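# My questions concern the predicted model and sequence given below.
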Amino acid sequence: MPSAPKGQLAMQTVAIERDANPGGSMFGGWVLAQMDMAGAAHAFGIAQQRIVTVSADKIRFFRPLIIGQEVHLYTDTVSIGSSSIAVNVNVWHVEQNAGNKQFFNIAEGIFTFVALDDKGRPDKTMKDRIE
Ligand SMILES: CC(C)(COP(=O)(O)OP(=O)(O)OC[C@H]1O[C@@H](n2cnc3c(N)ncnc32)[C@H](O)[C@@H]1OP(=O)(O)O)[C@@H](O)C(=O)NCCC(=O)NCCS
């Protein structure tokens, strides 16, 4: 488990009651959805064209996320293939107190996105275009 965020801050949100279980912590599916969106924002920034999620791997939930907690999602590029971009996504709960920030790692995973051409097929020219 990493001890501090690395990569870029792709998204910030707050855990709200609607997406929590009766025990007051967030459903894993809600966390996964935020991770998918943060990863997609990262991959879109690279590809600059339509992308879709092809896989979510090595997902790990380290600790529960509680209603009301502030959530930051950090991303960094793992690898770039002909049409695919693999993005590491790390979810942090952030506590801010008088300018001091404390980060608690909630979850991590690797999300892979595929750039599509105008026919909806993998665009194998993506890597060449972005270089
Ligand atoms: C993503 C999709 C376009 C891939 O089509 P495909 O014909 O299987 O394409 P390919 O086999 O050429 O794979 C495309 C790229 O994805 C990569 N890929 C495929 N399966 C993968 C997996 N399980 N994990 C990581 N990468 C994977 C391939 O390595 C390839 O990368 P490269 O071009 O950089 O070498 C197609 O499966 C699809 O439309 N899936 C639904 C996507 C979607 O709607 N997602 C939202 C959630 S439902």
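Cool, got the structure.
# Can you pull the phi and psi angles for the residue of the chain most remote from its centre?
Distance from the centre of the chain peaks at residue 98, with 27.6 Å (CA atoms, centre = their mean). Phi and psi for residue 98, reported as degrees, to the nearest 10, are phi 50, psi 50.
# my guess is residue 77 meets residue 42, correct?
Yes. Contact criterion CB atoms under 8 Å: residue 77 and residue 42 qualify, at 7.2 Å. Using the backbone N, CA and C atoms, a C-beta is placed for each residue, glycine as well.
# coming back round to it: pull the contacting residues for the residue farthest from the centre of the chain.
With contact set as CB atoms under 8 Å, 6 or more residues apart in numbering, residue 98 has no partners.
# Which one of residue 77 and residue 42 is surrounded by more residues?
Neighbour count, other CB atoms under 10 Å: between residue 77 and residue 42, residue 42 has more, with 25 against 15.
# any idea which helix or strand carries the closest residue to that one other than its chain neighbours?
If the residues on either side of it in the chain are set aside, residue 42 comes closest to residue 75, at 3.9 Å by CB to CB, 6 or more residues apart in numbering. Assigned by DSSP states H and E, residue 75 belongs to strand 70-80.
# Now the protein against the ligand: closest residue?
Across the chain, the shortest distance to the ligand (CB to the nearest ligand atom) belongs to residue 81, at 2.2 Å.
# pretty sure residue 59 is touching residue 32, no?
Yes. Using CB under 8 Å, residue 59 is in contact with residue 32, at 7.0 Å.
# Quick one: end-to-end distance for stretch 107-127.
29 Å (CA to CA, to the nearest Å).
# chain center to stretch 7-20: distance?
The gap between where stretch 7-20 is centred and where its chain is centred comes out at 10 Å by CA atoms, centre = their mean, to the nearest Å.
# Mind listing what's buried along that stretch?
7, 10, 11, 15, 20 (16 or more other CB atoms under 10 Å).
# Which members of the residues you listed are positioned in strands?
If you go by DSSP state E, the buried residues of stretch 7-20 have 10, 11 in strands.
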